[in-house]
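> this is the structure alone, sequence omitted:
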Ligand SMILES: [Zn+2]
């Protein structure tokens, strides 16, 4: 059992060989490499997705601004 450590991410014990020690403000903690990699991949995917969304949003915004600036558009009131 001495070869395992408590993984604060999973809330379980894993073999230390599959883990890394993370230094936080509260001290050092163990976290499994699997969860570190999963988070890293998740962040990369989210970044890519976020960039896509930003591109869509800005093109939509541009279209909306064009429509708002359209002189043919009648103003209500
Ligand atoms: Zn874990």
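On my side now, so go ahead. All values derive from a computational prediction rather than experimental measurement.

> make it CA atoms for all contacts and neighbour counts henceforth
Fine.

> burial count for residue 64?
Per other C-alpha atoms under 10 Å, the neighbour tally for residue 64 reads 12.

> okay, buried residues for the strand or helix carrying it please.
Per DSSP states H and E: residue 64 is located in helix 33-68. Residues residue 33 are the ones in helix 33-68 that count as buried (16 or more other C-alpha atoms under 10 Å).

> hang on, residue 22 in a strand?
Yes - under DSSP: H, G, I helix; E, B strand; the rest coil, residue 22 sits within a strand.

> how near is it to the ion?
Note on residue 22: its distance to the ion, by C-alpha to the ion, to the nearest Å, is 12 Å.

> my read: that residue touches residue 30, true?
Yes - using C-alpha atoms under 8 Å, residue 22 is in contact with residue 30, at 5.8 Å.

> more neighbours, these two?
residue 30 (20 against 11).

> can you tell me the closest non-neighbouring residue to that one?
residue 21 (4.5 Å; C-alpha to C-alpha, 6 or more residues apart in numbering).

> wait, doesn't that neighbour sit right on residue 31?
Yes - if you go by C-alpha under 8 Å, residue 21 and residue 31 touch, sitting 6.3 Å apart.
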